[in-house]
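Enquirer: Pasting a predicted model and its sequence here:
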Amino acid sequence: MAKESLSLEKTRRTPSGKFSKVVFCCARPQTAVEQAEEEAIKTMEAEAIVSGRSSIFSDFSSIFNSSTWGLRSIRSIRLRHRVNPWHLPPSIIDQIFSISSARTIAACACVCSTWQKSANGVGIRDAVRLERILSAEDLEPTVLSTNEKFTRTSGRRAGLVALAGKGFLSIWDLEESDLAVRCHEAEELSIRALIFTQDLLLTGDDDGNLCGWDHRSGELKFKTPVYDKTLSAIVDLNGSVGTTGSGTSEVKILRKSDWGCEKVLKGHKDGVSCLGSACDGARIVFGCFVGSIRVWDVELGECILTLRGHQKAVSCVDSFGGFLASGSNDLTVRVWDLATGECVSVLEGHVHWVRAVALHRGFVVSGSQDKTVRVWNFKTGDCLSSISVGSLAKLIRMDDERLLVVMSDSRILGWKLDGK
């Protein structure tokens, strides 16, 4: 049983004739009611922190984002909320970090060894480094001019970019800054969608076919009909791919083993404007023309989340960790928590439709028809950088090593983020 310490102060005369203060300490057992109350308060506070709806969370945010926070601020949290920040469970600390900026996490890491361990676990050094690079005023890209009049593009983390249009499909190697391979068998096709998987480059065309290409040799590996009309979007999933066609509100899930149709996801009556994946390919994300977003569990074949907030068509989506970023014709970028379905950030600044978006760690990179690329810290809502690029960014990809932007004027812009 927990014990509560009590103290009594008395004075007594010492042998030398001076008076001194003596503190007598005793302890009494905590009653069952007091114990139950204490446990209930701890449980409620922990749940409130996880859900992000507690005033203690706002206290943490304001204190740790302040340049003058210190032990006095920590003590104020202890007094106001009856919770000890030093003794929060690691799972709760991780939840706080998941919606905190790099600067906040760095400050929190100074509290105690438990907080420092959690901060190291979320890659604080990488986050701080990325924020420093992305907010630099002299952020200059390398430029690769392809002279290709393409309509569709896809990027791969290994430094490959695929460009496609009517009668051509080419793959470019960014490390070599040169054309890697041209797929000559695509000369009869009008490609409308393409995406890299682990082993292949997949394309969809005006005839509704799904084609698989060897991205090293450019050889056509297979061709299978999926729709009667245009196959307009493809997304890579865990053991399968999702596809949708022009003028349809359904999404077909195709097995990678034989490219047969495994299931059909229906019920998105507003029409599918874009596709994405989340949770390592276990979820498929539909953006729609009226501004809503639906998240489906691929294995169950059920819609598990409907995200509402955009006022116009959703044009692009991207995910990282437990978050989803979406760009829209309403000129905004929104970031969603996929665990709760809540919008955690609205990023405003573009003056035309948002056409491309990338999400990585705590950062969002967005491209718009206003011919700018903006870099955001979505956890604070700050725009770290606004880059005038002269044309529309059609594709954006980002990881710890590289920021890649494919422009509609045939340029590929690349920024190295690894400091090398």
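Expert: Looks like it came in fine. Numbers count the residues shown, from 1 in each chain.
Enquirer: From here on, just use CA atoms for contacts and neighbour counts.
Expert: Noted.
Enquirer: so who does the nearest residue to Trp172 once chain neighbours are set aside touch?
Expert: Counting by Cα to Cα, 6 or more residues apart in numbering, the nearest residue to Trp172 once its immediate chain neighbours are dropped is Leu179, at 4.4 Å. When contacts are counted by Cα atoms under 8 Å, 6 or more residues apart in numbering, Leu179 is found next to Ser170, Ile171, Trp172, Asp173.
Enquirer: Can you tell me, leaving aside adjacent residues, what's nearest to the second one?
Expert: Sequence neighbours aside, Ala162 is the residue nearest to Ile171 in space, at 4.4 Å (criterion: Cα to Cα, 6+ apart).
Enquirer: which residues sit in contact with that neighbour?
Expert: Applying Cα under 8 Å, 6+ apart, the residues contacting Ala162 are Thr153, Ser154, Gly155, Leu169, Ser170, Ile171, Trp172, Leu194.
Enquirer: any low-confidence regions in the stretch 151-300 of the chain?
Expert: When residues are selected by pLDDT under 70, those of the stretch 151-300 of the chain lie in 151, 156-158, 267-268.
Enquirer: which stretches of the stretch 101-250 of the chain form strands?
Expert: Counting by DSSP state E, counting those that start in this stretch, one finds strands in the stretch 101-250 of the chain at the ranges 142-145, 152-156, 160-165, 168-173, 178-182, 191-196, 200-205, 209-214, 220-225, 231-236, 240-245.
Enquirer: which outside residues touch the second one?
Expert: Outside of strand 152-156, the residues that reach it under the criterion Cα under 8 Å, 6+ apart are 161-165, 191-196, 394-395, 397, 406.
Enquirer: Pairing partners for it, with directions?
Expert: According to DSSP bridges, strand 152-156 forms sheet pairs with strand 160-165 (antiparallel).
Enquirer: And for the fourth one?
Expert: Paired strands of strand 168-173, with direction, are strand 160-165 (antiparallel), strand 178-182 (antiparallel) (DSSP bridges).
Enquirer: Report the contact partners of the closest residue to Val335 other than its chain neighbours.
Expert: When the adjacent residues along the chain are set aside, Val335 lies closest to Ala325, with 4.4 Å between them (Cα to Cα, 6+ apart). Contact partners of Ala325, counting by Cα under 8 Å, 6+ apart, are Val317, Asp318, Ser319, Val333, Arg334, Val335, Trp336, Val357, Ala358, Leu359, Val364.
Enquirer: quick one: which of those residues is nearest to Ile304?
Expert: Within the set of these, Trp336 lies nearest Ile304; the separation is 14.0 Å, counting by Cα to Cα.
Enquirer: residues contacting that closest one?
Expert: For Trp336, the residues meeting the contact criterion (Cα under 8 Å, 6+ apart) are Phe323, Leu324, Ala325, Glu342, Cys343, Val344, Ser345.
Enquirer: burial of the closest residue to Asp297 other than its chain neighbours, as a residue count?
Expert: Once its chain neighbours are removed from consideration, Asp297 has its nearest residue in Arg283; the separation is 4.8 Å (Cα to Cα, 6+ apart). Around Arg283 sit 22 other residues, with neighbours defined as other Cα atoms under 10 Å.
Enquirer: Next one: Gly301 from Leu265, what distance?
Expert: When distances are taken as Cα to Cα, to the nearest Å, Gly301 and Leu265 turn out to be 6 Å apart.
Enquirer: do the same with Ser328
Expert: Here the criterion is Cα to Cα. By it, Ser328 lies 23 Å from Leu265.
Enquirer: So which of these two has more stuff around it?
Expert: In terms of neighbours (other Cα under 10 Å), Ser328 is the more surrounded of Ser328 and Leu265; the figures are 27 against 17.
Enquirer: Tell me the strands beside the helix or strand that Leu404 is a member of, with direction?
Expert: In this structure, Leu404 is located in strand 402-407 according to DSSP states H and E. Strand pairing for strand 402-407, determined by DSSP bridges: strand 393-398 (antiparallel), strand 411-416 (antiparallel).
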